[in-house]
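Novice: Quick check, what structure comes out for this input:
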Amino acid sequence: MKDILLLGKKILSDKSPILLDYQPDENWEKYWLPKSGTWEFRDGYLCGEESGNFGGILLSKESFAEDVMFSFTIGTELPATRDVNAVFCARWNEEADYIGASYVCGLNGWYEHKSGIEKIVDSDKDAGDERQLYSTTAAYQYTPGTEVRMTAGSIQGHTFMVVDDCLITELIDPNPLLDGQVGFSAYCTKLKIKDIQIRKIIWEDFPQQYEPEF
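Specialist: Model (predicted):
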């Protein structure tokens, strides 16, 4: 796994200790909580489905107090084409019975095939999400039905999403979410997921400056 270069930070991937290295199996509910939508183990994958205009959420049973990043192989199951999404620093809102304060990252989402990260302060699947902060781009285009390798996480609110070793977006939150669960959101789509790994982030300062080039 390559080091990840962020603004002013270098994540030392190989020095970041593995907290969970998981291949989906029949005992998947030992590690994961299906909170909404339909989730199952099938043919070596965790498969999630939600046909409504909201997220089918699968969360880790463990909540992480330290800065973590998690990597996974993910893709849509055709004919579904939308929202290849994950969540981190996430909480479940028991009153609303839906995802609460969290960071959401994704591909082919935001109703216009965008990729990015957004912060949800809290949410209600009937009223819609309350977005506080987000960054999206149309520059990266996911090909529906294909599998990609994604890594997402946060260093004290410095959030990031990497796809196939390419940094797609980073977002610095001035009022960060500092702990929580990780997981997935099948938002009006069908997802298949495997090769899940969660690491505690080890990083170092990454000074950046220009040297004269002419």
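
Novice: For the rest of this, base every contact and every neighbour count on C-alpha atoms.
Specialist: Fine.

Novice: In which helix or strand does the spatially most central residue of the chain reside?
Specialist: When the chain is reduced to its mean C-alpha position, the nearest residue by Cα atoms, centre = their mean turns out to be Ala86, at 2.9 Å. Using DSSP states H and E, Ala86 sits within strand 84-90.

Novice: so what strands line up beside that strand?
Specialist: Strand pairing for strand 84-90, using DSSP bridges, gives strand 102-109 (antiparallel), strand 181-200 (antiparallel).

Novice: for the chain, what helix or strand is lowest in average pLDDT?
Specialist: When the helices and strands of the chain are scored by mean pLDDT, DSSP states H and E, strand 128-137 comes last with a mean of 76.

Novice: Following the chain onward from it, which element is next?
Specialist: Beyond strand 128-137 on the C-terminal side, the first helix or strand identified by DSSP H and E is strand 147-155.

Novice: Give me the sheet partners of that following strand and which way each runs.
Specialist: Using DSSP bridges, the strands paired with strand 147-155 are strand 68-76 (antiparallel), strand 158-163 (antiparallel).

Novice: and that strand, what's its mean pLDDT?
Specialist: Regarding strand 147-155, the rounded mean pLDDT is 98.

Novice: got a list of contacts for it?
Specialist: With contact meaning Cα atoms under 8 Å, 6 or more residues apart in numbering, strand 147-155 is reached by 67-76, 86, 88-89, 105, 159-165, 201.

Novice: Could you give me the PyMOL syntax to select whichever of these are buried?
Specialist: In PyMOL, a selection of the buried entries from the contacts of strand 147-155 looks like this (16 or more other Cα atoms under 10 Å):
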select buried, resi 67+68+69+70+71+72+73+74+75+76+86+88+89+105+159+160+161+162+163+201
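
Novice: Okay, now the sheet partners of whichever helix or strand Leu171 is part of, with direction.
Specialist: Assigning secondary structure by DSSP H and E places Leu171 in strand 166-172. Sheet neighbours of strand 166-172, with direction, are listed as strand 158-163 (antiparallel) (DSSP bridges).

Novice: how distant is the partner strand from the center of its chain?
Specialist: 8 Å (Cα atoms, centre = their mean, to the nearest Å).

Novice: Report the mean per-residue pLDDT for it.
Specialist: Mean pLDDT, computed over strand 158-163, is 98.

Novice: and the nearest residue to Arg199 once chain neighbours are set aside, how many residues sit next to it?
Specialist: In space, and not counting its chain neighbours, Arg199 is closest to Ile18: 4.4 Å by Cα to Cα, 6 or more residues apart in numbering. If you count neighbours by other Cα atoms under 10 Å, Ile18 ends up with 16.

Novice: burial of Glu94, as a residue count?
Specialist: Neighbours of Glu94 under the rule other Cα under 10 Å: 9.

Novice: isn't Asn85 right next to Trp110, touching?
Specialist: No - when contacts are counted by Cα atoms under 8 Å, Asn85 is not listed as touching Trp110 (10.6 Å).
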